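Asks: 3D, please:
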Amino acid sequence: MIQKSIKSGFCNAFMTLLMLAVGQSVAFAQESAPLTIETAQPAVGEVSLVLGKAWLISESGRQTVAPGTEIRATDRILTEANGHVHIRFVDQALVSVRPDSRLEIVQYDYNADKPEQSTIKLNLEEGITRSISGHGASSARDRFRLNTPIAAIGVRGTDFVVSATPRAVRALVNEGIIVMAPFSNDCSVDSFGPCLINAVELSDSSLQVIEMESNSAAPQLLPAVVERGPGMMEEEVQVAMNDVQGSTDGKNADTDSYQESAASQLVKDKLADVATPQEPTPPTPQLVDFTPKTAVASAELTERNLIWGRWGEGQAEQERITLARADAQMGRDTAVGNGEYILFRDGNGASRVERGLGPVSFDLVSAQAFYHSDSGVAAMTVNGGSLDINFDSSQFATSLQMNHSLTGDVSFDASGRLYDGGFFHTRSETERMAGAVSLDGKEAGYFFEKQLENGGIQGLTLWDAR
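Replies: Numbering: from 1, shown residues only. A predicted model of the protein is given here:
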């Protein structure tokens with residue numbers, strides 16, 4: 001009986017332990033069943049360069065953007081006044097976001113096996129961005145879209161720059177073709193690809209920009225405009241450098257390029273802080289500063305055939321040879337310009353330069369040039385220049401000499417073709433310019449920019465024939 005009782009107790013204890021173990025297993029399974037591992041959306045790109053301050057707004061919240069930050073669909077990039085962000089996407093597309101800009105990555109479905117089935121949509125809420133198409137946009141042109149507040153932009157395999165506000169959109173094509181159209185029942189925000197209704201096409205072979213205003217029925221082409229803002233060239237040179245590095249050094253090359261550049265700049269800044277100032281070169285007495293000491297009176301400027309107007313305030317009290325856009329535009333046609341200035345010309349109803357002008361040399365009448373750097377904007381001295389135009393061979397050549405204590409002596413040199421209508425322009429990796437002559441060949445003016453190792457120069461000129 002005792003043995004039977006012990007055996008029975010042992011069995012009961014064993015069964016109890018077994019039931020507890022089973023119960024715990026069931027409980028663990030029940031507790032574990034609802035637990036799922038949420039897989040984050042795959043990264044569609046990575047930040048390759050950051051200058052200044054920028055933010056990433058995602059489903060996870062807000063974070064500071066840094067080289068190597070992963071980008072996913074629905075993410076938004078916000079840049080502050082000094083912020084630049086470059087993003088390299090999985091299809092090797094490159095997008096740069098300029099200061100004071102907001103860009104949303106609405107959708108980025110790249111199909112590596114069938115690139116023509118890719119679907120890409122970006123939304124530039126405000127500011128400036130540059131987009132260089134990758135395999136996705138190049139292969140699926142009817143499935144790419146860049147939306148702005150008032151217009152849709154489609155591509156034909158392209159490198160283009162867009163500036164957008166709630167009231168206006170302007171775009172410049174560096175390579176390829178874009179199509180811009182206003183939103184309508186036939187062109188919705190939710191659709192993809194180029195729109196066809198009230199659409200205007202712009203190619204890189206045309207020295208024009210395309211512009212759309214909120215009260216306009218369709219975009220319009222403005223002639224002979226170089227759309228650049230302060231720091232734009234610095235960014236584009238860095239983009240080119242990163243692109244070359246990226247193709248040879250792998251996906252971390254952009255970050256390495258940025259870090260090397262930043263480190264190099266930091267060393268230069270520190271050296272500049274502690275270096276013993278060099279003895280300044282005595283100024284040459286015969287040199288003349290062609291930048292007026294005070295702003296030229298509007299009555300004097302409006303007497304000229306060519307007048308520079310400003311889109312906004314420009315450089316405020318440092319402006320010398322410009323008028324407000326509305327004042328400069330009265331009775332004149334658009335000639336050339338950029339994001340801040342535009343040159344207006346009195347065509348007197350004509351659109352072509354007079355014949356038989358031959359070779360003409362011009363004297364510099366007035367100019368203004370500004371050095372843009374991280375420390376701000378400084379007015380430079382423009383102390384000489386030449387401009388020669390051969391109307392028979394349709395060629396031009398020009399040179400400017402400038403100076404500032406931060407830069408030393410700087411020269412700007414350009415040459416190229418004179419186009420129909422009296423327009424001339426040229427650009428390289430570090431220098432760009434666009435200009436026009438009066439149709440009687442007696443006046444000329446051009447906008448120029450030059451990228452330095454540390455900052456950049458932008459300026460305006462006015463010339464009279466000898």
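
Asks: By mean pLDDT, flag the weakest helix or strand of this structure.
Replies: Ranking every helix and strand in the chain by mean pLDDT, DSSP states H and E puts helix 253-274 at the bottom, with a mean of 37.

Asks: which residues of this structure score low on pLDDT?
Replies: By pLDDT under 70, the low-scoring segments of the chain are 1-40, 157, 223-287.

Asks: Okay, domains of it per the record?
Replies: Structural domains annotated on the chain: 45-223, 298-465, as defined by automatic domain parsing.

Asks: still on that earlier bit, and the next helix or strand past the least confident helix or strand of the chain?
Replies: Counting by DSSP states H and E, the next helix or strand C-terminal to helix 253-274 is helix 298-302.

Asks: what does that next one rub up against?
Replies: With C-beta atoms under 8 Å, 6 or more residues apart in numbering as the test, helix 298-302 has contacts from Ile307, Trp308, Ile321, Leu323, Asp327, Ala328, Met330. Using the backbone N, CA and C atoms, a C-beta is placed for each residue, glycine as well.

Asks: What distance do you get for Glu449 to Arg345?
Replies: Computed as C-beta to C-beta, to the nearest Å, the Glu449 to Arg345 distance reads 21 Å.

Asks: residue ranges for the helices of this protein, please.
Replies: Shown for the chain, the helices assigned by DSSP state H span residues 2-32, 135-139, 232-249, 253-274, 298-302, 325-329.

Asks: if you skip the residues just before and after it, what's nearest to Ser386?
Replies: Computed as C-beta to C-beta, 6 or more residues apart in numbering, the closest residue to Ser386 that is not its neighbour in sequence is Ser399, at 5.1 Å.

Asks: Who does the residue nearest to Asp409 when sequence neighbours are not counted form a beta bridge with?
Replies: Excluding the flanking residues, the one nearest Asp409 by C-beta to C-beta, 6+ apart is Asn403, at 5.3 Å. According to DSSP bridges, the partner residues bridging Asn403 are Thr381, Asp409.

Asks: contacting residues around Asn305?
Replies: Contacts of Asn305 (C-beta under 8 Å, 6+ apart): Arg345, Asp346, Ser438, Asp440, Lys442, Glu443.

Asks: Among these, name the buried ones.
Replies: Among those, those buried by neighbour count (16 or more other C-beta atoms under 10 Å) are Arg345, Asp346, Ser438, Lys442, Glu443.

Asks: of all the residues you listed, which comes closest to Gly312?
Replies: Using C-beta to C-beta, Arg345 is the member of those that lies nearest Gly312, at 21.2 Å.

Asks: Give me the neighbour count for the nearest residue to the closest one once chain neighbours are set aside.
Replies: Computed as C-beta to C-beta, 6+ apart, the closest residue to Arg345 that is not its neighbour in sequence is Ala335, at 4.3 Å. Neighbours of Ala335 under the rule other C-beta atoms under 10 Å: 29.

Asks: Ala335 and Tyr341 touch, don't they?
Replies: No - counting by C-beta atoms under 8 Å, Ala335 does not reach Tyr341; the two are 11.0 Å apart.

Asks: Could you report the separation of the nearest residue to Ser139 once chain neighbours are set aside from Arg141?
Replies: Closest residue in space to Ser139, ignoring its immediate chain neighbours: Pro115 at 3.6 Å, by C-beta to C-beta, 6+ apart. Taking C-beta to C-beta as the measure, Pro115 falls 11 Å from Arg141.

Asks: So the residue nearest to Ser139 is in contact with Asp91, correct?
Replies: Yes - using C-beta under 8 Å, Pro115 makes contact with Asp91 at a distance of 7.1 Å.

Asks: who has more neighbours, those two?
Replies: Per other C-beta under 10 Å, whichever of Pro115 and Asp91 has more neighbours is Asp91, with 22 against 16.

Asks: so how far is Val44 from that one?
Replies: Counting by C-beta to C-beta, the gap between Asp91 and Val44 amounts to 9 Å.

Asks: Now do the shared contacts for those two.
Replies: Among the neighbours of Asp91, those also in contact with Val44 (C-beta under 8 Å, 6+ apart) are Tyr110.

Asks: Quick one: end-to-end length of stretch 288-296, please.
Replies: Start-to-end span of stretch 288-296 (C-alpha to C-alpha, to the nearest Å) is 17 Å.

Asks: wait, what's in contact with Val377?
Replies: Val377 neighbours (C-beta under 8 Å, 6+ apart): Pro230, Gln315, Gln318, Phe370, Tyr371.

Asks: and the nearest residue to the fourth one once chain neighbours are set aside, bridged to which residues?
Replies: The shortest distance from Phe370 to any non-neighbouring residue, by C-beta to C-beta, 6+ apart, is to Val377 (5.2 Å). Beta-bridge partners for Val377, by DSSP bridges, are His372.

Asks: do the same with the one 10 residues further on
Replies: On the basis of DSSP bridges, Leu387 is bridged to Phe362, Thr398.

Asks: And for it, the neighbour number?
Replies: Leu387 has 25 nearby residues by other C-beta under 10 Å.

Asks: Give me the distance between it and Phe396.
Replies: Leu387 sits 7 Å away from Phe396, going by C-beta to C-beta.

Asks: And Val44, by the same measure?
Replies: 45 Å.

Asks: repeat for Ser405
Replies: Using C-beta to C-beta, Ser405 is found at 31 Å from Phe396.

Asks: ok, those two, which is more surrounded?
Replies: Phe396 (24 against 11).

Asks: Could you pull up the residues touching the more buried one?
Replies: Here Phe396 is in contact with Leu387, Asp388, Ile389, Asn390, Ser415, Gly416, Arg417, Leu418, Phe424, Gly435 (criterion: C-beta under 8 Å, 6+ apart).

Asks: The domains of the chain: which one's closest to Phe290?
Replies: Using C-beta to C-beta, those put domain 298-465 closest to Phe290, at 4.6 Å.

Asks: Spatially nearest residue to Ala218 (excluding sequence neighbours)?
Replies: Distances taken as C-beta to C-beta, 6+ apart place Asn198 nearest to Ala218, at 4.0 Å, with adjacent residues excluded.

Asks: Could you pull up phi and psi at the one you found?
Replies: Main-chain torsions, Asn198, degrees, to the nearest 10: phi 60, psi 30.
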